[in-house]
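In: sequence and predicted model, in that order:
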Amino acid sequence: MKTSLTELLGIQYPIIQGAMAWTSEHTLAAAVANAGATGVIATGGRDTEWVRQEIRQCKSLTDKPFGVNLMLMASNLDDILAVIVEEKPAFVTLGAGNPVPFIEPLHAAGIKVIPVVPNVKLAKRVAVAGADAIIIEGQEAGGHIGTQTTMALLENVVPEVDIPVIIAGGIVDGRGLAAGLTMGAAGVQMGSRFILAEECKMHQNCKEAIINATDTDSTVTGLTFNHGVRGLKSEFTARYLEAEYSCAPKSELTAMAIGTNKKAAVEGDTVNGVVQVGQGLNRLTQVEPAKTIVESVVAEAKEAIKKAQQFI
Ligand SMILES: Cc1cc2nc3c(=O)[nH]c(=O)nc-3n(C[C@H](O)[C@H](O)[C@H](O)COP(=O)(O)O)c2cc1C
């Protein structure tokens, strides 16, 4: 396939495996890259040495381009940035803050910069500041979310910027990729679908919970203070939402939520942790090699685009 994203990154298919804290490590990113798409190593909650080793291990498994995610809320942000600049992955995705100050130093190191943006205003700002592409992430996504849907972002953002736009949030198969491309996107970023890759290290309990879940089984915590996180409903999310909507103080809610992603993803505690995942749940039915996921998404997208021609 050929889009402005495949051209920008020198990849075969316009699919990015999105960064997933405590979940997307070098094994997954390299497998997706070797399959002709591209992967991203998540750095949230990690220390600098872990990040350095992950980038090096990824390079040892693939000679294809891959990315690293910079969490702009991270307390060790400057140190992680320094490691990325030294280790030089092909690109960096970054969000949850103002990406603009990071564009110049990353470009100076020869690294492409792809901010994740939740609205038109920030999309235009980062485009003017020199971002190479943007990811627009709708509230259908797993993990931290904004307030707009993927469809509304696609409609509103694409006509406003002249850099490649990648869509994320609720895209789990090739029909989603075809829809994005035909609406003017340059590609898709998928997180949830890649959780079910064999090479993804998320705990088996979480993978099973995702396979057993259906469309209405996710919920969003933290919406009342603009810190929405989407994950599977659990005993924890019920407790949390009760506290949130009983107007518990923000400090109490923040303390309750700390570490719940790791508790699920690493320890496999799907009761007291949060299995972060998006809304495309019915289509997440089996664990497969990353290569199979990439190939089936591409085949479905080609089929959907061919079929769409009958409407003209
Ligand atoms: C478990 C999980 C953890 C995530 N962690 C991050 C992260 O650390 N940084 C980030 O930019 N996005 C993060 N995301 C968002 C993904 O990169 C991606 O944009 C999102 O999963 C797309 O929506 P989908 O899950 O419906 O495919 C996370 C998503 C999930 C499911």
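Out: All right, it came through fine. In this text, all values refer to a predicted model and were calculated from it rather than measured experimentally.

In: going forward, measure contacts between C-alpha atoms and count neighbours the same way
Out: Noted.

In: for residue 189, what are phi and psi?
Out: Note on residue 189: its backbone torsions stand at phi -110, psi 130 [degrees, to the nearest 10].

In: next one: residue 305
Out: Here is the backbone geometry of residue 305 (degrees, to the nearest 10): phi -70, psi -40.

In: from the ligand, how far out is the nearest residue to it once chain neighbours are set aside?
Out: Nearest residue to residue 305, sequence neighbours excluded (C-alpha to C-alpha, 6 or more residues apart in numbering): residue 178, at 5.9 Å. Taking C-alpha to the nearest ligand atom, to the nearest Å as the measure, residue 178 and the ligand are separated by 15 Å.

In: quick check: residue 178 vs residue 287, distance?
Out: Residue 178 sits at a distance of 23 Å from residue 287 (criterion: C-alpha to C-alpha, to the nearest Å).

In: neighbour-wise, which of these two wins?
Out: When residue 178 is set against residue 287 and neighbours are counted by other C-alpha atoms under 10 Å, the residue ahead is residue 178, at 23 against 20.

In: any idea which helix or strand carries the more buried one?
Out: Element membership for residue 178 (DSSP states H and E) is helix 174-182.

In: now do the same contact list for residue 206.
Out: Residues counted as contacts of residue 206 (C-alpha atoms under 8 Å, 6 or more residues apart in numbering) are 264-265, 268, 270, 275.

In: filter the residues you listed down to just the ones in helices.
Out: Among these, DSSP state H puts 264-265 in helices.

In: could you export the contacts of residue 206 as JSON lines, including pLDDT, neighbour count and distance to the ligand?
Out: Conversion of those to JSON lines gives the following (pLDDT from 0 to 100; neighbours: other C-alpha atoms under 10 Å; distance: C-alpha to the nearest ligand atom, whole Å):
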{"residue": "264", "pLDDT": "98", "neighbour count": "23", "distance to the ligand": "9"}
{"residue": "265", "pLDDT": "98", "neighbour count": "25", "distance to the ligand": "7"}
{"residue": "268", "pLDDT": "98", "neighbour count": "20", "distance to the ligand": "13"}
{"residue": "270", "pLDDT": "97", "neighbour count": "23", "distance to the ligand": "13"}
{"residue": "275", "pLDDT": "98", "neighbour count": "31", "distance to the ligand": "7"}
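
In: what about the strands in the stretch 51-200 of the chain?
Out: 67-71, 91-95, 112-117, 134-137, 143-144, 165-168, 187-190 (DSSP state E, counting those that start in this stretch).
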